[in-house]
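[1] Sequence isn't available, so here's the structure alone:
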């Protein structure tokens with residue numbers, strides 16, 4: 001508080017307290033037009049003199065900025081365009097529309113429960129919340145998810161024996177992701193904001209494959225405790241929710257041999273420079289080696305603690321470039337289990353409540369966010385808050 005009692009210099013010299021402001025010092029701005037009125041009078045010698053006096057005009061009433069955090073109130077005289085009416089990125093059509101795609105997938109990991117995510121979010125009022133902040137919602141329903149058949153089990157076992165691989169339920173997961181990719185590609189091609197609600201994190205492979213076909217230069221912000229950078233050839237657990245990034249980056253000679261993933265042939269591959277990790281804190285040795293070898297930008301929780309979440313998000317956006325459309329893949333296990341305990345893979349030391357929301361706020365504020373996965377969720381309150389930051 002003592003700093004604010006110092007007398008400030010406006011010419012770059014040191015103040016009596018020893019502070020040098022230099023170019024950062026600015027002359028006070030002129031008062032708003034409604035604080036002063038001007039009158040012109042003529043003196044006895046015929047000279048016209050203009051005098052400014054305190055005004056009595058009442059300012060316009062402030063307008064609430066909906067959906068962007070408590071207390072964030074702006075006045076109509078401060079902005080030519082109200083935040084709710086800001087133009088979306090050029091890739092999104094007008095009126096701005098969200099394509100809500102349910103992906104109730106749970107076969108990518110061994111625990112039940114993530115398949116209820118789309119249903120719970122709908123029941124909690126997601127459509128109503130999005131409408132309140134100015135979006136039209138096109139609910140495309142849920143992508144069909146069927147359990148693995150006996151034939152698919154046999155195909156998975158044969159693949160794992162032949163290639164010394166580890167991939168559980170690959171055929172069933174790949175079958176569902178193929179349908180998801182077709183649906184998200186259509187929504188992205190139509191100019192909609194693509195929102196996929198899972199489901200485990202394996203669904204991000206389908207969402208991103210479809211989005212990349214429609215918007216090849218999309219930059220990906222992967223908010224997760226894990227890197228999900230494995231393929232069946234490197235995974236120890238065999239869980240498909242730990243492989244979406246690895247399979248998207250893999251060559252067709254690797255990924256198209258996985259049962260159920262033949263449809264990836266000739267499709268887009270995610271480049272290492274297209275993705276930035278935020279919040280990783282549970283990386284195994286193989287993933288660490290691959291991140292270093294491919295020079296993938298990765299902000300672990302160490303960097304978040306060192307630089308602050310605001311600086312980390314700013315650096316991540318700068319790395320992806322100023323013009324590309326953005327995809328946010330948000331895994332709830334990025335949040336500390338104190339705030340989001342009901343998720344499949346709990347790892348201590350994650351984001352607190354405000355940090356978790358700030359990431360979504362800051363990325364949305366870039367006005368380039370065009371698609372998003374929200375996965376591994378059972379904490380409906382948090383998910384609804386994240387969605388409400390699109391305004």
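    Done, it's in. The structure displayed is predicted, hence computed values, not measured ones.
[2] switch to C-alpha atoms for all contacts and neighbour counts from now on
    Noted.
[3] What strand or helix carries the spatially closest residue to residue 209 that is not a sequence neighbour?
    Spatial nearest neighbour of residue 209, chain neighbours left out: residue 181 (5.9 Å); criterion: Cα to Cα, 6 or more residues apart in numbering. If you go by DSSP states H and E, residue 181 is part of helix 170-189.
[4] and the nearest residue to residue 259 once chain neighbours are set aside, what does it touch?
    Leaving aside its sequence neighbours, residue 259 sits nearest to residue 171 (Cα to Cα, 6+ apart; 4.9 Å). Applying Cα atoms under 8 Å, 6 or more residues apart in numbering, we find residue 171 in contact with 148, 152, 153, 155, 156, 258, 259, 260, 261.
[5] From what I see, the fourth one and residue 257 are in contact.
    No: applying Cα atoms under 8 Å as the test, residue 155 and residue 257 come out as separate, 11.0 Å apart.
[6] Assign the residue nearest to the spatial centre of the chain to helix, strand or coil.
    In the chain, the residue lying closest to the centroid (Cα atoms, centre = their mean) is residue 328, at 3.2 Å. Per DSSP: H, G, I helix; E, B strand; the rest coil, the local secondary structure of residue 328 is strand.
[7] for it, what are its contacts?
    220, 221, 222, 223, 369, 371, 372, 373.
[8] one more time with 7 Å
    Taking Cα atoms under 7 Å, 6 or more residues apart in numbering, we find residue 328 in contact with 220, 221, 222, 371, 372, 373.
[9] ok, the first one touching residue 330?
    It refers to residue 220. No: the criterion here is Cα atoms under 7 Å, and residue 220 misses it with residue 330 at 10.5 Å.
[10] higher neighbour count, those two?
    residue 330 (28 against 25; other Cα atoms under 10 Å).
[11] Quick one: residues contacting the more buried one.
    Neighbours of residue 330 in contact, by Cα under 7 Å, 6+ apart: 222, 223, 224, 373, 374, 375.
[12] ok, back up a step: state the number of residues packed around the residue nearest to residue 209.
    By other Cα under 10 Å, 24 other residues sit near residue 181.
[13] end to end, how far does stretch 129-136 reach?
    This stretch, stretch 129-136, spans 11 Å end to end (Cα to Cα, to the nearest Å).
[14] all helices in this structure, in order from the N-terminus.
    Ranges of helices in the chain, per DSSP state H, are 117-123, 126-132, 150-163, 170-189, 203-214, 244-249, 252-255, 285-293, 301-307, 309-320, 353-365, 380-387.
[15] Please identify the deepest-packed of those helices.
    helix 203-214 (a mean of 27; mean count of other Cα atoms under 10 Å).
[16] which helices and strands sit right next to that helix?
    For helix 203-214, the packing partners by 3 or more Cα pairs under 7 Å, 6 or more residues apart in numbering; DSSP states H and E come out as helix 170-189, helix 244-249.
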